[in-house]
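**Student:** Next one to model:
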Amino acid sequence: MTVTKRLAAEFLGTLWLVLGGCGSAVLAAKFGGDGNPLGIGFVGVALAFGLTVLTGAYAFGHISGGHFNPAVSLGLAAGGRFPAKDLPGYIVAQVLGAIAAGFILLQIARGGGGFVIDPTAAGAFASNGYGVLSPGGYTMAAAFLCEVVLTAFFLLVIMGATHNKAAAGFAPIAIGLALTLIHLISIPVTNTSVNPARSTGVALFAGSGAIGQLWLFWVAPLIGGAIGGVLYAWLRPANE
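**Tutor:** Numbers count the residues shown, from 1 in each chain. Predicted structure coming up:
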């Protein structure tokens, strides 16, 4: 597969992830107002993120590997599953795909009556945050730890599910369910990142608050991804 096609697949897959996951949070989580049974809530948003990864991996995984996340690409490189020389191109494609999704989502949201983004509100435009911008008011330290640990476990699941001795064809299901679980745990804490591209794609449109805290949602997931990749490489038997 050519480099251009692999990068295009990463762009499209990340666009799909952000549009589907963040779109569900912006457009459907509280549809009709608080308490409305049509709103999908935290569980629906968590499921939406899992479904985007699951479907995106089946659609694009055979082309690019289906990373859709700089932390995943870095973790796979740290674990010896991905060439480090390809990291810059993948990360650029992923971030551009996320930004494109954020722009598309903003145009859709503006088509509804009364849509506004409050940059001082927690989770504004599906952005990530800590402190006053955390949905549950969690501290920076709690948010950092949460993002590191959950990203590390995400990499462990990804590398285990895609191992050549794992059940063939089922990796996207395990990975999608893992991302759903991660969101169920951490939406109240950080609005769930574990993906620097996803965070960037909406923060650029959410205002100064989200942009000012964006550093954490690059640093913590990248550290977690590297830890997960190295840990899985250590766990793997030496003869594999």
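
**Student:** those strands in this protein, which residues are they?
**Tutor:** With DSSP state E as the criterion, the chain has no strands.

**Student:** Contacts only, for the residue nearest in space to the middle of the chain.
**Tutor:** The residue lying closest to the centre of the chain (CA atoms, centre = their mean) is Asn195, at 3.8 Å. Each residue near Asn195 by CB atoms under 8 Å, 6 or more residues apart in numbering is listed here: 17, 68-72, 221. The C-beta positions use only the backbone N, C-alpha and C, and glycine is treated the same way.

**Student:** can those go into a markdown table with extra columns for distance to Ser199?
**Tutor:** Formatted as a markdown table, those follow (distance: CB to CB, whole Å):
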| residue | distance to Ser199 |
| --- | --- |
| Leu17 | 12 |
| Phe68 | 13 |
| Asn69 | 10 |
| Pro70 | 10 |
| Ala71 | 10 |
| Val72 | 14 |
| Pro221 | 8 |
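
**Student:** Tell me the one of those nearest Gly41?
**Tutor:** Leu17 (19.7 Å; CB to CB).

**Student:** Tell me where the chain has helices.
**Tutor:** Remark: helices assigned in the chain by DSSP state H are 3-23, 41-64, 70-78, 87-110, 140-161, 171-190, 196-206, 208-212, 216-235.

**Student:** Of the ones you listed, which is nearest Val132?
**Tutor:** helix 208-212 (8.0 Å).

**Student:** Which neighbouring elements make contact with the closest one?
**Tutor:** helix 196-206 (3 or more CB pairs under 8 Å, 6 or more residues apart in numbering; DSSP states H and E).

**Student:** Surely Val95 and Phe68 touch.
**Tutor:** No - taking contacts as CB atoms under 8 Å, Val95 lies outside contact range of Phe68: 11.0 Å.

**Student:** So between the two, which is more surrounded?
**Tutor:** Each of Val95 and Phe68 has its neighbours counted (other CB atoms under 10 Å); Phe68 has more, 32 against 21.

**Student:** before we move on, the earlier item: common neighbours of Val95 and Phe68, please.
**Tutor:** Listed contacts common to Val95 and Phe68 are 14, 197; contacts here mean CB under 8 Å, 6+ apart.
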